[in-house]
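Peer 1: Predicted model and sequence follow; I will ask about them next.
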Amino acid sequence: MVLILNKKKVITLISVLSVFFLVFAVLIDTNLHIEVFKKHKADNLNMYLINVSLNDKEKILKCSQNITYVNKTGKNLKKLYFHIYPNAFSKEEYAPFEKNEFKKAYPNGFSKGYINIRKVFEKKYNLDFKIVGEKEDILEVDLRCNLKPGEKTNIYLEYDVKLPNSIGRFGYGDYTINITNWYPIVCVYDSRGWNIKSYEEIGDPFYSDVSNFDVNINIPKKYKLATTGIIKSKKLNNDYVLYNVKGNNVRDFAFILSDKFNVISTKLKDIKVYSYFFDEKLGRESLQIAKDALTVFSDLFGEYPYKTYSVVASDFFIGGMEYPNLVMIDKTLYKRNSKFFLEYVVAHETAHQWWYSLVGNDEISEPWLDESLTEYSTIIYFEKKYGKEIKDRLIKNLKINTYRKSNKSVFKSTTEFENSIDYSLCVYSKGALLLDDIRNKVGDDAFFDTLRKYYKQNMYKNVTSEKFINMWKKRGVNIDKMVYGNN
Ligand SMILES: [Zn+2]
């Protein structure tokens, strides 16, 4: 995510804005070496088959879901845990927004969102389940018998999802319906056991395993659909259209609807890049930005392995938000006189396709891991596209803004930061400076070579800070102090 509306971030961006006008666009060399990755083996991934139908009047999703869960924990499992994020919107005190954001998040006053789990089956047997978690946003399911390591099971669920009238990640506004973090998604089991943390207000509080998705989306025909994955078929049935969408090797599945979208697309090799927007001029710009960002990051870090990428203008007051193959961009950014803000946010969210979507991590315990790389990748995008001068100015601004945080650790969980400004300065800004420091120490060749290996070795997986830190130790750079700070 990139928060562009908090005061500090706006100050950061405004201070670099003047720089932007001094810079001439120099097209980058797109003929750099592209690594070809072996096709990822998908047969041991969890598989989600979901049927979802929108009741437009009530803003309720009627859903059924079959998940084939593969036990890769190495342990016998008696229970399974799912995040049911919509319940974090069920009460005002749970809503994942800071207090000063409430009016922006709910322009028409607080509006409830929730999930109502109606049935949980394993084969034909009813399973006991309970709703747990600090925000009632975890579903605990008792399996009928022990699931041994390596075994698979099929869990069938029926549920309804109520969308709130909210313009954060999840909900609807006047222009778009944002259907994100909406279905029961299995929690990650790692060396610490089950990760069953709630949907907190600071950061992107998500952590998931790469899976396969086959989703039937039934929506009124007036809506255009922006989605994770590839639309395989489209059938008109009276006033509804049924889409079949397949998303393979993705760690989440999101879609956005609007009856007002303009849609344009272009090809980048075999990737279809889309821009969904409302304002003509910057909508077209955003398609070019997305294409340029995919090119820069593919050349530097390794190939983008999916066939689609969509940049979607949305009712989303926070700035930008990443999902696999799809990013949400605050639609008001398309109306600004300068394209800088839009370019910054689109480049940032596109970088998340590498750092979050392909190389995943626990974004609650170790948010710096994807955000610092993403923020620094954004700066690299500007450097490669517009020259070193803008990069130097962006770095200088980060140094000025983080001056008072020089001893602060970037390594904290999202819940340990004072507020989103503190979070943003430590995790994004200090994190990006840390990477710039490493780059200066090891030189460009070793820096990008190490990141390319990091990407190649960890794509479709989850990584930890330890792994990242050790990788640089092998290159002769100890970043412990920079990461952990003095407090
Ligand atoms: Zn981000």
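Peer 2: All right, it came through fine. Numbers count the residues shown, from 1 in each chain.

Peer 1: got a pLDDT number for Phe255?
Peer 2: What the model reports for Phe255 is a pLDDT of 98.

Peer 1: so how many other residues sit close to it?
Peer 2: Here the neighbour count serves as a burial measure; for Phe255 (other Cβ atoms under 10 Å) it reads 25. Glycine gets a C-beta too; all of them are placed from N, C-alpha and C.

Peer 1: Can you get me a residue count around the nearest residue in space to it that is not next to it in sequence?
Peer 2: Nearest non-adjacent residue to Phe255, counting by Cβ to Cβ, 6 or more residues apart in numbering: Thr227, 4.0 Å away. Here the count is done by other Cβ under 10 Å, and Thr227 has 25 residues near it.

Peer 1: next one: Ala432
Peer 2: Ala432 sits with 25 neighbouring residues when counted by other Cβ under 10 Å.

Peer 1: so who does the residue nearest to Tyr223 when sequence neighbours are not counted touch?
Peer 2: Of all residues beyond its chain neighbours, the one nearest Tyr223 is Leu257 (4.2 Å), with distances taken as Cβ to Cβ, 6+ apart. Contacts here follow Cβ atoms under 8 Å, 6 or more residues apart in numbering; on that basis Leu257 touches Leu54, Thr176, Ile177, Ile179, Ile219, Tyr223, Lys224, Leu225, Ala226.

Peer 1: Which of the residues you listed fall in strands?
Peer 2: Leu54, Ile177, Ile179, Ile219, Lys224, Leu225, Ala226 (DSSP state E).

Peer 1: nearest to Leu127, of the residues you listed?
Peer 2: Within the ones in strands among the contacts of Leu257, distances to Leu127 taken as Cβ to Cβ reach their minimum at Ile179, with 25.8 Å.

Peer 1: Please name the bridge partners of the closest one.
Peer 2: Ile179 has the following beta-bridge partners by DSSP bridges: Phe255.

Peer 1: How much space separates the closest residue to the ion within the stretch 151-300 of the chain from Ile196?
Peer 2: Nearest to the ion, among the residues of the stretch 151-300 of the chain, is Asp204, at 6.9 Å (Cβ to the ion). Computed with Cβ to Cβ, to the nearest Å, the distance linking Asp204 and Ile196 is 17 Å.

Peer 1: helices and strands of the chain: which one bottoms out on pLDDT?
Peer 2: Sorting the helices and strands of the chain by mean pLDDT, DSSP states H and E puts helix 7-20 at the bottom, at a mean of 40.

Peer 1: low-confidence ranges in the stretch 201-350 of the chain?
Peer 2: Judged by pLDDT under 70, the stretch 201-350 of the chain has no weakly predicted residues.

Peer 1: in it, which spans are helices?
Peer 2: Taking DSSP state H, counting those that start in this stretch as the criterion, the stretch 201-350 of the chain carries its helices at 280-301, 340-351.

Peer 1: Check the stretch 51-200 of the chain too.
Peer 2: Taking DSSP H, counting those that start in this stretch as the criterion, the stretch 51-200 of the chain carries its helices at 102-105.

Peer 1: so where's it shaky on pLDDT?
Peer 2: Filtered on pLDDT under 70, the stretch 51-200 of the chain yields no residues whatsoever.

Peer 1: Quick check: residues of this structure near the ion?
Peer 2: Counting by Cβ under 5 Å from the ion, the residues of the chain lying close to the ion are Met1, Val2, Glu371, Thr374.

Peer 1: Export the residues you listed as CSV, with columns for neighbour count and secondary structure.
Peer 2: As requested, these are exported to CSV (neighbours: other Cβ atoms under 10 Å; DSSP: H, G, I helix; E, B strand; the rest coil):
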residue, neighbour count, secondary structure
Met1, 28, coil
Val2, 28, strand
Glu371, 30, helix
Thr374, 26, helix
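
Peer 1: wait, which of those is closest to Val186?
Peer 2: Among the residues of the chain next to the ion, Met1 lies closest to Val186 (Cβ to Cβ), at 22.4 Å.

Peer 1: Quick check: that closest one touching Ile202?
Peer 2: No. Contact between Met1 and Ile202 fails when scored by Cβ atoms under 8 Å: they sit 10.2 Å apart.

Peer 1: What residues does Arg439 make contact with?
Peer 2: Under the criterion of Cβ under 8 Å, 6+ apart, the neighbours of Arg439 are Phe447.

Peer 1: where's stretch 246-259 relative to the chain centroid, distance-wise?
Peer 2: Remark: stretch 246-259 is offset 11 Å from the chain centroid, using Cα atoms, centre = their mean, to the nearest Å.

Peer 1: distance of Ile67 from Lys467?
Peer 2: Note on Ile67: its distance to Lys467, by Cβ to Cβ, is 28 Å.

Peer 1: Might you list the low-confidence residue ranges for the stretch 351-487 of the chain?
Peer 2: Low-confidence segments of the stretch 351-487 of the chain, defined by pLDDT under 70, are located at 405-407, 485-487.

Peer 1: so where do the helices sit in it?
Peer 2: Under the criterion DSSP H, counting those that start in this stretch, the stretch 351-487 of the chain contains helices at 367-386, 388-401, 420-423, 431-442, 444-458, 465-474, 480-484.

Peer 1: for the ones you listed, which one sits closest to Leu49?
Peer 2: Nearest of those to Leu49, taken as Cβ to Cβ: helix 444-458 at 27.5 Å.

Peer 1: residues in contact with the nearest residue to Tyr381 once chain neighbours are set aside?
Peer 2: Distance criterion Cβ to Cβ, 6+ apart; nearest residue to Tyr381, sequence neighbours excluded, is Ala347 at 4.3 Å. Contact analysis of Ala347 by Cβ under 8 Å, 6+ apart lists Ile289, Ala293, Ser377, Thr378, Tyr381, Phe382.

Peer 1: The last one against Leu394, yeah?
Peer 2: The reference is to Phe382. Yes. Phe382 sits in contact with Leu394 when judged by Cβ under 8 Å, with a separation of 6.3 Å.

Peer 1: In the stretch 201-350 of the chain, which residue sits closest to the ion?
Peer 2: Here the stretch 201-350 of the chain gets closest to the ion at one residue, His348, 5.6 Å apart by Cβ to the ion.

Peer 1: For Ser465, see how far away that residue is.
Peer 2: Counting by Cβ to Cβ, the separation of His348 from Ser465 is 21 Å.

Peer 1: Compare these two and say which is more crowded by neighbours.
Peer 2: Neighbours were counted for His348 and for Ser465 using other Cβ under 10 Å; His348 has more, 26 against 18.

Peer 1: ok, the more buried one to Asn108 distance?
Peer 2: Between His348 and Asn108 the computed distance is 29 Å (Cβ to Cβ).

Peer 1: Identify the bridge partners of the residue positioned nearest the centre of the chain.
Peer 2: When the chain is reduced to its mean C-alpha position, the nearest residue by Cα atoms, centre = their mean turns out to be Glu322, at 3.0 Å. Glu322 has the following beta-bridge partners by DSSP bridges: Val327.

Peer 1: That one against Gln353, yeah?
Peer 2: Yes. Glu322 is in contact with Gln353 according to Cβ under 8 Å; the separation is 7.1 Å.

Peer 1: give me the number of residues near Lys304?
Peer 2: In this structure residue 304 is Tyr, not Lys. By the criterion of other Cβ under 10 Å, Tyr304 has 23 neighbours.

Peer 1: Contact partners for it?
Peer 2: For Tyr304, the contacting residues are Ile271, Leu294, Phe297, Ser298, Gln353, Trp354, by Cβ under 8 Å, 6+ apart.

Peer 1: Most neighbours of all the residues you listed, which one?
Peer 2: For those, neighbours were counted by other Cβ under 10 Å; the highest total belongs to Gln353, with 27 neighbours.

Peer 1: That'll do, ta.
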